[in-house]
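Enquirer: Quick one: sequence and predicted model below, then my questions.
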Amino acid sequence: AIAIAGVLPEPRERAFRLGFDLNGRALVELRLGRPGKALDLVQEALDLAERDLPPGEHPIHRMVLLANRAQLAVALGRPEEALENLDTVIGIDPGYPDYYIDRGNLLHRLGRSQEAIADYETAMRVGPPFPEPYYNRAELRFSAGDHQGALTDLDHALELDPEFVDGLANRAGLLAALGEYGRARTDAEAGLRIDPLNPYLLCALGQIEMAQGRTERARAAFDRAIELSPALMAAWA
């Protein structure tokens with residue numbers, strides 16, 4: 001596809017179609033674990049758009065390329081560069097919720113919690129109801145000690161998607177920490193029916209079993225969690 005698009009005679013058509021195919025190749029390179037090569041391809045596509053497309057033409061194409069460049073910058077350990085790209089992307093289309101979530105996640109990693117929450121709340125406002133921004137805000141609320149606020153967000157995330165496994169794992173752990181072991185067990189077991197090999201759910205189940213005095217079952221759950229995820233610190237603890 002790149003070979004064919006590269007010989008199209010009309011520069012505007014070539015820039016768009018070749019850029020599209022270079023971006024597709026970049027996604028493959030990323031999946032193969034070569035983010036540097038992927039970034040080169042995305043940058044080539046952006047350079048084509050800048051050189052051969054009139055200003056304002058194909059804004060969605062440019063937006064997708066910039067968003068992918070942001071993802072690759074994160075993968076390469078350049079978060080500030082990624083943040084600049086996401087700022088530009090959101091400026092192109094302020095009504096698209098996914099990029100607010102991406103930027104919120106990046107701001108969270110950079111320790112800018114209030115800005116991250118603002119992005120998650122914007123995603124809630126401008127997009128259709130879906131669980132991710134509530135789930136992400138719950139993590140920040142939990143980290144700040146607002147356990148009830150975190151629980152409210154997780155409740156809403158799971159109301160939107162009752163089979164959201166990460167939400168079930170986090171709510172199970174939070175309920176266990178709050179001493180609500182019956183509700184916590186319901187969440188852990190519901191999640192494990194969907195994803196039997198989820199180490200976070202197994203860790204939450206171990207916490208519940210331990211709190212209720214079933215030490216052998218707790219040990220088995222923690223052992224299995226560590227087997228599946230040897231770096232899971234909560235299970236070791």
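Expert: Perfect, I can see it now.
Enquirer: Regarding this protein, what is its longest helix?
Expert: In the chain, with assignment by DSSP state H, the single longest helix is helix 11-31.
Enquirer: which residues touch it?
Expert: By CB atoms under 8 Å, 6 or more residues apart in numbering, the residues outside helix 11-31 that reach it are 1-2, 5-6, 8, 35, 37-39, 41-42, 44-46, 48-49, 51-54, 57-58, 61, 64-65, 68, 71-72, 75. Backbone N, C-alpha and C define where each C-beta goes, glycine included.
Enquirer: Buried residues, that helix. List them.
Expert: By neighbour count on 16 or more other CB atoms under 10 Å, the buried set for helix 11-31 is 14-23, 25-26, 29-30.
Enquirer: do the same with stretch 194-207
Expert: Across stretch 194-207, burial judged by 16+ other CB under 10 Å covers 195, 198-207.
Enquirer: Whichever of the contacts of helix 11-31 end up buried, select them in ChimeraX.
Expert: Only the buried entries of these go into this ChimeraX selection, using 16+ other CB under 10 Å:
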select :5,35,37,38,39,41,42,44,45,46,48,49,52,53,58,61,64,65,68,71,72
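Enquirer: distance of the closest residue to residue 72 other than its chain neighbours from residue 65?
Expert: On the basis of CB to CB, 6 or more residues apart in numbering, the spatially nearest residue to residue 72 that is not a chain neighbour turns out to be residue 39, at 4.4 Å. Plainly put, residue 39 is 11 Å away from residue 65 if you go by CB to CB, to the nearest Å.
Enquirer: again, but for residue 161
Expert: From residue 161 over to residue 65 (counting by CB to CB), the distance is 30 Å.
Enquirer: picking that back up, can you lay out the buried residues of stretch 194-207 as TSV showing distance to residue 125 and pLDDT?
Expert: Formatted as TSV, those follow (distance: CB to CB, whole Å; pLDDT from 0 to 100):
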residue	distance to residue 125	pLDDT
195	30	97
198	31	97
199	34	97
200	29	96
201	31	96
202	36	97
203	34	96
204	31	95
205	36	96
206	38	96
207	35	94
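Enquirer: Fine, thanks again, bye for now.
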